[in-house]
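S.K.: Next come a sequence and a model predicted from it.
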Amino acid sequence: MALFELKDIENHSQIGIWKIEESIQELELVLNSSIIDNEKYKNFKSENRKKEWLSTRVLVRQMLNDELIGVQYDSNRKPYLKTNTKISISHSKGYVAVMISDTKEIGVDIQVPKKNIAKGISVFMSPVELDEIGEENYYEKLHIYWCAKESLYKYVGDNKLNIYSHFKINPLRVSNSGQFKGVVNPTNKVVNLKYEITDLFYLVYTV
C-alpha cells in the first residue's frame, strides 16, 4: 500500500497523502464489501475516479484505524464521518490527500503542477489578486491561490459560494513552505492557511 506521507498538524489535526500505485482490484481487497457495493462507486465510469475513491477510503481507514469507517456527504457535498471527526478530501493525478480533525472545521487541497494553470485565472483570481501577486514566482503563486481557495471552499462547505467571488487570498511570499491568510466573504472571516511546495505537488490546508 502506497502511503506517501502522514503528518500531525496543530490543533489535533492530521494529514495523510496517498500515492495511488495499486490496481482497482488490489484496493478493493483492502476494503469491506459494504464500501465496494456503494452505488456511487458502482456508477463511476473512469478507472482513475474509481482508484481515487477507493484510495481515499483506504487512507481514511488507516488514519483512523477503523475498518468500518465510512465517508458520507451532506447536501452541500461536504464529506463527513459518523463520528465527530471532521474530514476534508482532495485528489490530483495519482495523489489523494485527506485531512482530519477532532476540534475544528478544516479544508485541504493537493494539486500536481499544471502547465496551463494560467488559462484558468479568470475562474479563480480577481483583478485585485492578479495585481497583488506580481511577476515574481507567478506560476507558484497561481497554484497556491488555487489550492487555497479550494481549501477555503471545503472549509466553509457551502455550495452556494464560489471560489472567484467569495474567497480572497492575502499576498504572500513564496518559499518551500509558509503560512498566510484567506478571507471568506460576505462574513469577512479570516482563516489561517499553510502551504507546502514539493517537486511532486502543491499542498494547502487550513490551520
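M.R.: Everything's here; your move. Not measured: the values here are computed from a predicted model. Numbering: from 1, shown residues only.
S.K.: CA atoms for contacts and neighbours, from now on please.
M.R.: OK.
S.K.: Let me see the domain layout of this protein.
M.R.: In terms of domains, the chain is parsed into 3-103, 110-206 (source: automatic domain parsing).
S.K.: for the longest one, what is the average pLDDT?
M.R.: What that stands for is domain 3-103. Across domain 3-103, pLDDT averages out at 90.
S.K.: Any chance of the domains of the chain in TSV with mean neighbour count as columns?
M.R.: Converted to TSV, the domains of the chain look like this (neighbours: other Cα atoms under 10 Å):
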stretch	mean neighbour count
domain 3-103	16
domain 110-206	17
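S.K.: pull the CA atoms of stretch 91-107 into CSV?
M.R.: Extracted as CSV, the C-alpha positions of stretch 91-107 are listed here (Å, rounded to 0.1, in the frame of the first residue of the first chain):
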residue,chain,number,x,y,z
HIS,A,91,-7.1,14.4,-5.1
SER,A,92,-4.9,15.2,-8.2
LYS,A,93,-3.4,13.0,-10.8
GLY,A,94,-2.4,10.0,-8.8
TYR,A,95,-2.4,11.6,-5.3
VAL,A,96,-5.0,11.7,-2.6
ALA,A,97,-4.9,14.0,0.4
VAL,A,98,-7.1,13.5,3.5
MET,A,99,-7.2,15.9,6.5
ILE,A,100,-9.0,15.0,9.7
SER,A,101,-9.6,17.0,12.9
ASP,A,102,-11.3,16.3,16.2
THR,A,103,-11.6,20.0,17.1
LYS,A,104,-12.4,22.3,14.1
GLU,A,105,-13.7,22.7,10.6
ILE,A,106,-10.9,22.1,8.0
GLY,A,107,-10.0,22.2,4.4
